[in-house]
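Asks: Show me the folded form of this:
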Amino acid sequence: MKTIYIETYGCQMNVADTELMLGVLAREGYVRSDAPEGADVMLVNTCAVRDNAEQRVIGRMGELQRHKRAGTILGVVGCMAQRLGPILLERVPAVDLVVGPDGYRNLPELLAHAGSGSRRADVEYRGWEHYEDIPQLREPGPTAFVTVQRGCDYRCTFCIVPTTRGPERSRQLEDVVGEVRGLIPTGVTEVTLLGQTVNSYHDGRHGFADLLRAVGAIDGVRRIRFTSPYPTDFTPDVIEAMATTAAVCEHVHLPVQSGSNSVLKRMLRRYTRERYLEVVEELRRAMPTITISTDVITGFPGETDAEFADTVSLVDAAGFDDAYTFKYSVRAGTPAERIKGHVADEVASERLARLIEVVRSQVRRRNMRRVGELHEALVERPARRGELMLARTRQNLLVLVDLPASDVGAYRMVRLSGTTGSTFIGSVEQPALAVL
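Replies: Residues are numbered from 1 along each chain as shown. Sure, this is the predicted structure:
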């Protein structure tokens, strides 16, 4: 019996891919290890969206190689592996194999080669690959990620994803429905549909609205989430399906990236500031209790003080419930690398600090107004600190509640009694609702 340790960085798609790799290797008799010490195989599942993520992985390779012994295999998989390919084998001699997102089916063979001393890189694009015949090895719990789309056809100038994950392709609706239906007997009641531009999903016959309705009709599915959508792919049909499918949660993560039309044009985003705000309004009109979070980049090449001010004003106008803010990171091979007028790091950092304060202040005010509200919350897991449990509302609000660990998977009616500004404290007002 061989053991495998996988360390995961990046987005929910990487988490789902880790579960996929564990499924691939479980068929070969591998057992998951929770620590690198003593593992026969150590894999790092990587992100390539920002440079600091890659630098962390390079540093982590140095730490993990200390656990290598005779026969131990150290590999890099995921987006960074796809981007750098064989270069990683040259840069980090301790690495035995490099595998991109379309090569996970070949892991057993690649590990066999690595075990005999043959270092390999598999970064071939396979546009047909959806891993339909490989069940993911998921952690037990009430929530699950389900990949419905791989790759991306949008060519945002700052983004490396089309290079690391290839062209967009969607799974057949029937296959997605079959996977979700198979999760219900394991205790899953909430699924998150994953795709790079998930609401552009189309399998040749069905669009994203059809997918939402089909998954929402599965007996036992109580909640549906999805990430990450693209603003202009919220068609009237998609919004109508969201509003009328009872399982669809009242939360959308809607990346804006910038509030300046000129910056959006340089980013090759396919909407204007005005159209983005219209989409926000359309979503709120259809689902009045919806919460909206976003991604914002500061310091994009050429960004002026006035363009940054446009971003700050959009954040204020949109009234986001949360925002993930980033300083622009140069990605070799992306068109943005060649745009003139790169912003000095200290200027980008200062703008980022200002934006973070604006976002925190806005989120704090909105959350303070929520204190006293009653919400349905799904108990997900123990909190990372203390003895409370972490629960999540349909609007994606995180609530700490005093409940036993045996309540994981239960739905509770929770009164929001306080907030730290980002997380809530809740008191349970009703017994657990039946888990479907």
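Asks: any idea how far the least confident helix or strand in the chain by mean pLDDT is from the chain center?
Replies: Least confident element among the helices and strands of the chain, by mean pLDDT, DSSP states H and E: helix 51-64 (a mean of 86). Taking C-alpha atoms, centre = their mean, to the nearest Å, the mean C-alpha location of helix 51-64 is offset from the chain mean by 20 Å.
Asks: Buried residues, that helix. List them.
Replies: Burial within helix 51-64, assessed by neighbour count using 16 or more other C-beta atoms under 10 Å, is assigned to Ala53, Glu54, Val57, Ile58, Arg60, Met61, Leu64. The C-beta positions use only the backbone N, C-alpha and C, and glycine is treated the same way.
Asks: out of those, who's nearest Gly220?
Replies: Using C-beta to C-beta, Ala53 is the member of the buried residues of helix 51-64 that sits closest to Gly220, with 36.1 Å.
Asks: Let me see the backbone angles for the residue lying closest to the closest one once chain neighbours are set aside.
Replies: Excluding its sequence neighbours, the residue lying closest to Ala53 (C-beta to C-beta, 6 or more residues apart in numbering) is Cys47, at 4.5 Å. Per-residue torsions, Cys47: phi -110, psi 150 (degrees, to the nearest 10).
Asks: Go ahead and confirm Cys47 touches Glu7.
Replies: No - using C-beta atoms under 8 Å, Cys47 is not in contact with Glu7; the gap is 11.6 Å.
Asks: If you count surrounding residues, which of these two has more?
Replies: Counted by other C-beta atoms under 10 Å, Cys47 and Glu7 do not tie: Cys47 has more neighbours, with 21 against 14.
Asks: Reformat the buried residues of helix 51-64 as TSV; add distance to Val401.
Replies: TSV is the format used below for these (distance: C-beta to C-beta, whole Å):
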residue	distance to Val401
Ala53	33
Glu54	38
Val57	36
Ile58	40
Arg60	34
Met61	39
Leu64	37
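Asks: Nearest to Gly426 among these?
Replies: Using C-beta to C-beta, Ala53 is the member of the buried residues of helix 51-64 that sits closest to Gly426, with 33.2 Å.
Asks: separation between that closest one and Met61?
Replies: To Met61, Ala53 is 13 Å away according to C-beta to C-beta, to the nearest Å.
Asks: Equivalent analysis for Arg284, please.
Replies: Taken as C-beta to C-beta, the span from Arg284 to Met61 is 45 Å.
Asks: One more: Pro108?
Replies: 22 Å.
Asks: same deal with Glu337?
Replies: Distance, Glu337 to Met61, using C-beta to C-beta: 25 Å.
Asks: likewise Arg165?
Replies: Look at Arg165 and Met61: by C-beta to C-beta, they are 22 Å apart.
Asks: do Val148 as well
Replies: Val148 is 32 Å from Met61, by C-beta to C-beta.
Asks: Ok, Gly216 next?
Replies: Gly216 is 43 Å from Met61, by C-beta to C-beta.
Asks: And Cys11, by the same measure?
Replies: Taken as C-beta to C-beta, the span from Cys11 to Met61 is 20 Å.
Asks: go on, Leu110?
Replies: Applying C-beta to C-beta to Leu110 and Met61 gives a distance of 17 Å.
Asks: quick one, what contacts Val49?
Replies: By C-beta atoms under 8 Å, 6 or more residues apart in numbering, the residues touching Val49 are Gly10, Cys11, Cys79, Cys159, Ile160, Val161, Ser329, Arg331.
Asks: Equivalent analysis for Asp102, please.
Replies: Counted by C-beta under 8 Å, 6+ apart, Asp102 has contacts Glu124, Tyr125, Arg126, Glu129, Gly166.
Asks: One more: Leu388?
Replies: Here Leu388 is in contact with Pro382, Leu400, Val401, Asp402, Leu403 (C-beta under 8 Å, 6+ apart).
Asks: CSV please, covering these and showing neighbour count.
Replies: CSV is the format used below for the contacts of Leu388 (neighbours: other C-beta atoms under 10 Å):
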residue, neighbour count
Pro382, 15
Leu400, 19
Val401, 21
Asp402, 12
Leu403, 22
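Asks: If we only consider those, which is nearest to Val248?
Replies: Nearest to Val248 among the contacts of Leu388, with distances taken as C-beta to C-beta, is Val401, at 23.9 Å.
Asks: Would you mind measuring from Tyr30 to Gly418?
Replies: The value you get for Tyr30 to Gly418, if C-beta to C-beta is used, is 45 Å.
Asks: whoops, Glu28 was the one
Replies: 49 Å.
Asks: burial measure for Glu250, as a count.
Replies: Neighbours around Glu250, by other C-beta under 10 Å: 18.
Asks: Could you do Met389 as well?
Replies: By other C-beta under 10 Å, neighbour count at Met389 equals 24.
Asks: quick one, what contacts the closest residue to it other than its chain neighbours?
Replies: Excluding the flanking residues, the one nearest Met389 by C-beta to C-beta, 6+ apart is Leu403, at 4.6 Å. Shown in contact with Leu403 (C-beta under 8 Å, 6+ apart): Val379, Leu388, Met389, Ala391, Ala410, Arg412, Val428.
Asks: so where does Thr3 fall, helix or strand?
Replies: For Thr3, the host element (DSSP states H and E) is strand 2-8.
Asks: who does that strand touch, helix- and strand-wise?
Replies: Judged by 3 or more C-beta pairs under 8 Å, 6 or more residues apart in numbering; DSSP states H and E, the packing partners of strand 2-8 are helix 12-26, strand 30-32, strand 41-46.
Asks: neighbouring strands for that strand, and are they parallel or not?
Replies: Here strand 2-8 is paired, per DSSP bridges, with strand 30-32 (parallel), strand 41-46 (parallel).
Asks: Between helix 12-26 and it, find me the angle.
Replies: 170 degrees (axes from the mean of the first three to the mean of the last three C-alpha atoms, to 10 degrees).
Asks: Check which residues of strand 2-8 are buried.
Replies: In strand 2-8, counting by 16+ other C-beta under 10 Å, buried: Lys2, Thr3, Ile4, Tyr5, Ile6, Thr8.
Asks: residues in contact with the residue nearest to Val238 when sequence neighbours are not counted?
Replies: Leaving aside its sequence neighbours, Val238 sits nearest to Ala209 (C-beta to C-beta, 6+ apart; 4.8 Å). By C-beta under 8 Å, 6+ apart, Ala209 lies in contact with Thr235, Asp237, Val238, Glu240, Ala241.
Asks: Many thanks, have a good one.
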